[in-house]
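**Student:** The amino acid sequence is not available; the structure is as follows:
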């Protein structure tokens, strides 16, 4: 497929799939490279809006990194078509407008180069591909998006929602890409970026998918001041091949995208492609995550789908320090029983916290260990500081106080130690966006400042991290970047 406007998209996860979708829709030829060579099946049985059975393929972890911060640091990987959407829970909350600006209270380095208003149309484009179940109403700190299926909390929980509102919080249905109410599919998730987006693109005459094609490096042409090709390893026979293109969208996942740029070092960029300011790999951040359950002195309606308690207001919180709570059932029995209006004294809770991105938290090529292709493994240096841990502990007590004020005296069950990096599978920030090259590697359109025909379009581009699941925002940013890229290519 030869065309002067051809774009290579590296990675078939949600962000790469979204970028390819927009480029193909706008008539731009796309070749997609996917490291995995086969789709990983699973099973999902969904009835009356409840997931009754879910079998997901296993993730790999521990093979691709060494840890120099918290020694427990983990990195979960799935090199397969669809990437980690093979294991995705499907949570798709939008970021709030303040999530893009609150960091500037600390320093200019934490200001995003894109606003919520600019991103809102692209949020909806992604949402229309996701078969989302949600409450269609805004709540504090969570703008409502497009939902194919509507669901509101049971009446029992409205008393809790009223108390939450007094704190400036919202309690609502967690927006979930859960698919139609009744569904039986041979995958572990209702939405998978390969089956739901990429596979449909394969009918387009100007789309080509290469599976088992592991990108090794981007090739920089110093005379032309641009990347001209990507070299990949073909798993089928171990050979190396090259694909030329006008532009390249890197969407390998937050840490693999960063690794690819490091592995693409050359004489003009000896510390990694586009790394002129030494920021590549810096400002790594993650979601501290806990799961626990609590018991109440009287029963309340079972939650299926889950409920979502939003963060405390930005104005009254320390900048970039927040938590969110997802509340749901603790067993399959309760999930089934919820279909019939069942009640329980026990609620399961997942808490996501935040951390302030710091140059002290980073990834970089290991000086000692190599991967299967003879390239450096990543060294991951991150740990949760005391203020991050205390923020998570306060989240436990806040929810218990809120439940008691709503009339449900509650007691947390024993919480197993879980606070080490990587468990949320939400790394971000190592190829960050910013208006200024002093504080970012990418500009406001996801392009490397010094290599403008290379875009990085997954969560590695995040300037800061809020307490919400990142996938929808990564997809929206990818759609926005792809739209601008298509326009520029057509204008050449």
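**Tutor:** Arrived safely. Worth saying up front: this structure is predicted, and the values here are computed from it rather than measured. Numbers count the residues shown, from 1 in each chain.
**Student:** Just the terminal-to-terminal distance for stretch 186-203.
**Tutor:** Using CA to CA, to the nearest Å, one end of stretch 186-203 lies 21 Å from the other.
**Student:** I should have written stretch 244-255 there, sorry.
**Tutor:** Note: stretch 244-255 ends 24 Å apart using CA to CA.
**Student:** now stretch 319-333
**Tutor:** Stretch 319-333 end-to-end distance (CA to CA) = 40 Å.
**Student:** following the helix or strand of the chain with the lowest mean pLDDT, which helix or strand shows up next?
**Tutor:** In the chain, the helix or strand scored least confidently by mean pLDDT, DSSP states H and E is helix 332-338, which has a mean of 83. Of the helices and strands lying after helix 332-338 in sequence (DSSP states H and E), the nearest is strand 343-353.
**Student:** partners of that following strand in the sheet?
**Tutor:** Counting by DSSP bridges, the strands paired with strand 343-353 are strand 289-301 (antiparallel), strand 323-328 (antiparallel).
**Student:** Show me what the helix or strand that it is followed by is packed against.
**Tutor:** Counting by DSSP H and E, the next helix or strand C-terminal to strand 343-353 is strand 362-370. If you count contacts as 3 or more CB pairs under 8 Å, 6 or more residues apart in numbering; DSSP states H and E, strand 362-370 packs onto strand 65-67, helix 254-263, strand 376-381. From N, CA and C alone the C-beta is placed, and that goes for glycine too.
**Student:** if you set the cut-off to 6 Å instead, what comes out?
**Tutor:** In this structure, strand 362-370 packs against helix 254-263, strand 376-381, with contacts taken as 3 or more CB pairs under 6 Å, 6 or more residues apart in numbering; DSSP states H and E.
**Student:** between that strand and strand 376-381, how many degrees?
**Tutor:** 140 degrees (axes from the mean of the first three to the mean of the last three CA atoms, to 10 degrees).
**Student:** How far away from the center of its chain is strand 362-370?
**Tutor:** On the basis of CA atoms, centre = their mean, to the nearest Å, strand 362-370 is displaced by 23 Å from the centre of the chain it belongs to.
**Student:** next one: stretch 161-177
**Tutor:** On CA atoms, centre = their mean, the centre of stretch 161-177 falls 22 Å from the chain's centre.
**Student:** Contacts for that stretch, please.
**Tutor:** With CB atoms under 6 Å, 6 or more residues apart in numbering as the test, stretch 161-177 has contacts from 90-93, 130, 132-135, 139-140, 142, 151, 160, 191, 305-306, 308-310, 313, 326, 402, 405-406.
**Student:** what's the answer for stretch 461-469, then?
**Tutor:** 91, 93, 95, 99, 103, 110, 112, 285, 311, 320, 322-324, 352, 354, 357, 428-429, 431-433, 442, 446.
**Student:** swap in stretch 40-60?
**Tutor:** The contact list for stretch 40-60, computed with CB under 6 Å, 6+ apart, reads 76-78, 80, 86-87, 181-188, 304, 335, 339.
**Student:** List only buried entries from those.
**Tutor:** Buried by 16 or more other CB atoms under 10 Å: 76-78, 80, 86-87, 185, 187-188, 304, 335, out of the contacts of stretch 40-60.
**Student:** Determine which two of those residues are furthest apart.
**Tutor:** Greatest spatial distance among those (CB to CB): 77 and 304, at 30.0 Å.
**Student:** In stretch 382-400, which residues are buried?
**Tutor:** The neighbour-count check on stretch 382-400 (16+ other CB under 10 Å) flags 382-384, 388, 391-392, 395-396, 398-400 as buried.
**Student:** Just the residues you listed: which are in helices?
**Tutor:** Counting by DSSP state H, the part of the buried residues of stretch 382-400 found in helices is 388, 391-392, 395-396, 398-400.
**Student:** How about the contacts made by residue 134?
**Tutor:** 147, 173, 175.
**Student:** State the distance from the first one to residue 324.
**Tutor:** Think residue 147. 19 Å (CB to CB, to the nearest Å).
**Student:** Those two: which is more packed in?
**Tutor:** Counted by other CB atoms under 10 Å, residue 147 and residue 324 do not tie: residue 324 has more neighbours, with 26 against 19.
**Student:** Which strand or helix spans the nearest residue to that one once chain neighbours are set aside?
**Tutor:** Counting by CB to CB, 6 or more residues apart in numbering, residue 324 lies nearest to residue 467, which is 4.2 Å off, once chain neighbours are set aside. Residue 467 belongs to no helix or strand when assigned by DSSP H and E.
**Student:** And residue 467, what's its pLDDT?
**Tutor:** Confidence at residue 467, expressed as pLDDT, is 98.
**Student:** For the protein, which residues score under the pLDDT cut-off?
**Tutor:** Counting by pLDDT under 70, the chain has low-confidence residues at 1-3.
**Student:** The closest residue to residue 130 other than its chain neighbours and residue 272, how far apart?
**Tutor:** In space, and not counting its chain neighbours, residue 130 is closest to residue 177: 4.0 Å by CB to CB, 6+ apart. Counting by CB to CB, the gap from residue 177 to residue 272 is 34 Å.
**Student:** What residues of stretch 372-384 count as buried?
**Tutor:** Going by 16+ other CB under 10 Å, stretch 372-384 has these buried residues: 375-384.
**Student:** brain fart, stretch 306-322
**Tutor:** Using 16+ other CB under 10 Å, the residues of stretch 306-322 that count as buried are 306-312, 314, 317, 319-322.
**Student:** With stretch 467-485 instead?
**Tutor:** So, applying 16+ other CB under 10 Å, buried residues of stretch 467-485: 467-485.
**Student:** How far does it sit from its chain's centre?
**Tutor:** With CA atoms, centre = their mean, you get 9 Å for stretch 467-485.
**Student:** One more: stretch 291-300?
**Tutor:** Distance, centroid of stretch 291-300 to centroid of chain: 29 Å (CA atoms, centre = their mean).
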